[in-house]
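**Q** coords please:
(2 chains)
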Amino acid sequence: MANTETALKECLTSIEGATGVALVDYTSGMALGTMGGSKSFDLNVAAAGNTDVIRAKMRTMEHLGLKGEIEDILITLSNQYHLIRLLKGRGGNGLFLYLVLDQSRANLAMARHQLKRVEEDLEV
Amino acid sequence: MTVVDIPPPLPVRDRTALHERAPGALSPMLTRLAEERATGVLVREHGTLHLAEGRVVHAESPLAPGLDVLLTARGTLDAAAWPWTDDIPAATHRLLVAGLLPRGALELCRLGALYDAGYFALAPSSTPGRFRYGTTAAAGPPGAVRPLRAVPVTALERETLRRRELLHRIWPDPSADGAPLIRADPVAPPPVTPRQRAVLDRVDGVRTAPQIARELGRPAFHTLVDVRRLAAAGLLVPRNTVPPPPPLPPVTDPDIALLKRLRDALEAL
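**A** Take a look at the predicted model:
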């Protein structure tokens, strides 16, 4: 069992091309922990804004009557990947991991796989 | 002849200057305590904040469910395993030492509870806060395990302001936050999420949002978010505790009577 800080650190160090990561409470939009980011890229702002992305997708799925659950969401920018992974923990309080990747250095398939492993480690 | 001097104006605290000096400060007292790295308990109208060396280590509010409720309500922790005591920081510490709960899970849950209670503790109040210097139990006895991370005052204030804005953006009327709620019956009700459904099912004209949060074992702020969304969707309204205004006296003016008859006729169309 990793604590939050080590899990976030692992994301940044072991995932190739990762430049920032945040663990976010999905209802309030609060970042429970962040690591990386920069002056021009405020992870707290990104965390709050991306809760709206998940909410919109969940609502659409409900309208469509889809029964599946969102595992992750990928957003591709011209020079970055943003990866959102929803956590299915015992707490069930709706958390997600938000990972920012540099597109020129990242291996997307690998990053997805590693993020999944971090989620299992986190076990909240 | 006597000359009456106009007395000099009384000194007035310049509130705008005060505001400019500390932008976004919710409690000037708290800011000062953080600067002087104070240790003790700040008691405000809607909750208390425990400080250790100017950082927040614990928060409590009668409006927000405590860590005990959050952990045991959904079975994250067996209710029998919680060391039942009013001293939540001490209980948390004992859980940590006993290893009953993974450190990460406890850390996140406790952080959620702290920001939740902190939101209410920093709500605008009508009475001044009091600060009791002293040791705070939240740090726990030293040595045994690494204590859980303390939260800087600025982080708590920033998050509280962000939460206020979030609620305001969802539905700008705060009257549903504390009043008993009743269900409204719109003609075409919009679909609600399972989370919101659980809240809506408990709306009965008596319960308030914080009471529903406690019953569901959810943070109170999260329930406020759901309540405001439901209010925006027209699915619930706060019960008006103010009595309705007395009926208007009967009108005798023939013009007004004619207009009223006309209005009634148009409405009946």
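**Q** All the strands of chain A, in order from the start?
**A** A:18-25, A:31-36, A:72-76, A:80-87, A:95-102 (DSSP state E).
**Q** secondary structure class for B:V56?
**A** Classification of B:V56 into helix, strand or coil gives strand, according to DSSP: H, G, I helix; E, B strand; the rest coil.
**Q** before we move on, back to that, between the strands of chain A, which gets nearest to B:P219?
**A** strand A:18-25 (8.6 Å; CB to CB). To be clear about C-beta, it is placed using only N, CA and C from the backbone, and glycine gets the same treatment.
**Q** Okay, angle between the closest one and strand A:31-36 too, please.
**A** Here strand A:18-25 runs at 180 degrees with respect to strand A:31-36, directions being taken by axes from the mean of the first three to the mean of the last three CA atoms, to 10 degrees.
**Q** Strand A:18-25 near chain B at all?
**A** Yes - Strand A:18-25 lies within reach of chain B by CB under 8 Å from any CB of the partner chain, at A:L23, A:D25.
**Q** where's that strand relative to the chain centroid, distance-wise?
**A** 6 Å (CA atoms, centre = their mean, to the nearest Å).
**Q** and what of stretch B:213-227?
**A** Stretch B:213-227 sits 10 Å away from the centroid of its parent chain (CA atoms, centre = their mean).
**Q** now do stretch A:107-120
**A** 10 Å.
**Q** which residues of chain A score low on pLDDT?
**A** Residue ranges of chain A with pLDDT under 70: A:1-2, A:89-93, A:123-124.
**Q** Can you convert the strands of chain A into JSON lines and add a column each for mean neighbour count?
**A** Converted to JSON lines, the strands of chain A look like this (neighbours: other CB atoms under 10 Å in any protein chain shown):
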{"stretch": "strand A:18-25", "mean neighbour count": "24"}
{"stretch": "strand A:31-36", "mean neighbour count": "19"}
{"stretch": "strand A:72-76", "mean neighbour count": "14"}
{"stretch": "strand A:80-87", "mean neighbour count": "20"}
{"stretch": "strand A:95-102", "mean neighbour count": "23"}
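**Q** need those in TSV with distance to B:L269, can you?
**A** Shown next, in TSV, are those (distance: least, CB to CB, whole Å):
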stretch	distance to B:L269
strand A:18-25	52
strand A:31-36	56
strand A:72-76	51
strand A:80-87	52
strand A:95-102	53
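**Q** Can the strand or helix carrying B:R229 be said to contact chain A?
**A** Taking DSSP states H and E as the criterion, B:R229 maps to helix B:220-232. Yes - against chain A, helix B:220-232 shows contacts by CB under 8 Å from any CB at B:F221, B:H222, B:V225, B:D226.
**Q** At the contact with chain A, which residues of chain B appear?
**A** Counting by CB under 8 Å from any CB, the residues of chain B near chain A are B:74-76, B:102-105, B:107-109, B:111-112, B:115, B:149, B:159, B:162-163, B:166, B:191, B:193, B:195, B:218-219, B:221-222, B:225-226.
**Q** Excluding sequence neighbours, find me the nearest residue to the residue nearest the centre of chain A.
**A** Most central in chain A under CA atoms, centre = their mean is A:Y98, positioned 2.1 Å from the mean C-alpha point. Leaving aside its sequence neighbours, A:Y98 sits nearest to A:A22 (CB to CB, 6 or more residues apart in numbering or on different chains; 4.6 Å).
**Q** Next, the contact list for the one you found, please.
**A** By CB atoms under 8 Å, 6 or more residues apart in numbering or on different chains, the contact list for A:A22 reads A:L8, A:A31, A:G33, A:T34, A:M35, A:G37, A:L43, A:N44, A:A46, A:A47, A:L97, A:Y98.
**Q** ok, what's across the strand from it?
**A** A:T34, A:Y98 (DSSP bridges).
**Q** Repeat that for B:I182.
**A** Going by DSSP bridges, B:I182 forms beta bridges with B:V237.
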